[in-house]
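Enquirer: requesting a structural model of the entry that follows:
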Amino acid sequence: MVGRTWGLTPRLTLWLYQAVIRPIISYGAIVWWPRTKLSIVEARLQRLQRLACMATTGCMRTTPTAALEALLGLPPLHLFIQQQALAAAVRLKKSNLWRPPRVPHTEILYEAIGKEPLIEAVTDRIPKQFVFDKKYKIQLHEELHEGLNPRELRIFTDGSKTRSGTGAGVFSEDLNIHISTPLGAHNTVFQAECMGIIMAAHAIVSREVMDYPIRILSDSRSVLQALQSYTFTSGLIYECHKALSEVCTTNGVTLQWIKGHSNSHSRHLGERRLGTEGGRT
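Expert: The predicted structure follows:
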């Protein structure tokens, strides 16, 4: 398909190598990557990648392989295979699927942890969970008229992040709830907003509220959209879903988005009591 003066364009040739040939070569790398440490295997892999480099560039036979790889942005093939193996090992570990014995091909993960301990840190990612039977409702628009249902219990949640740290809070006049908690310096606002909803759900359960329509108001559209999805890959969002489902066993629950720092009397009251006006918690 490729000649020095004819055939596929350089761009398409490089794409075929990166998108088709190289993934075939690196398939199952997590099992056989230790072979790439052998000089004879490294040389064979180098010759193979050199063919792709020459087909792409149409260079002279004397052009150094390292120069071609640098020109095309291709890491040496044996290093790319080790990178793919490490990525697979980290992905399996973060998904709680990494339970192999201490055998040679698993050493790549432990070597990486020795060089970068942060790899061993807990992550929020979980195996994909499908949920199609949610009992709570999501409302992504504000109410035109507040307080139309006198029996409805309204709970405000909020989260914020400053230079000193992150925090979440819950406030409700109807249930006499006023909770705030620090979450540390390394959490995101998204996580803080999600924790606010979880805290609200736990507060409702602990007060044994039954047979009431409950409206949880949050200014985080992103958290509500994540809860609205039928697939969960975030452990925190999945935990929030389970907490809300527990509340729904005895109550009707609606999660509503409300504009932060708006002119709504209820929103203003909730922010003032939570202490999140101006971004503080």
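Enquirer: give the contact list for residue 132.
Expert: With contacts taken as C-beta atoms under 8 Å, 6 or more residues apart in numbering, residue 132 has the following neighbours: residue 230. Just so you know, the C-beta spots here come from the backbone N, C-alpha and C atoms, and that holds for glycine as well.
Enquirer: quick check on it: phi, psi?
Expert: phi -120, psi 0 (degrees, to the nearest 10).
Enquirer: show me where the stretch 151-281 of the chain has helices.
Expert: When secondary structure is read from DSSP state H, counting those that start in this stretch, the stretch 151-281 of the chain shows helices at 189-206, 221-228, 235-248, 265-274.
Enquirer: mean neighbour count, the ones you listed: which tops it?
Expert: Each of the helices of the stretch 151-281 of the chain was given a mean neighbour count from mean count of other C-beta atoms under 10 Å, and the largest, a mean of 22, is that of helix 189-206.
Enquirer: elements contacting it?
Expert: Packed against helix 189-206, as judged by 3 or more C-beta pairs under 8 Å, 6 or more residues apart in numbering; DSSP states H and E, are the following elements: strand 153-162, strand 165-172, strand 177-184, strand 213-218, helix 221-228, helix 235-248.
Enquirer: relative to strand 165-172, how tilted is the shortest one?
Expert: Angle between the axes of strand 213-218 and strand 165-172 is 150 degrees (criterion: axes from the mean of the first three to the mean of the last three C-alpha atoms, to 10 degrees).
Enquirer: average pLDDT across strand 213-218?
Expert: For strand 213-218, the per-residue pLDDT values average out at 95.
Enquirer: neighbouring strands for that strand, and are they parallel or not?
Expert: Partner strands for strand 213-218, per DSSP bridges, with pairing direction: strand 153-162 (parallel), strand 252-257 (parallel).
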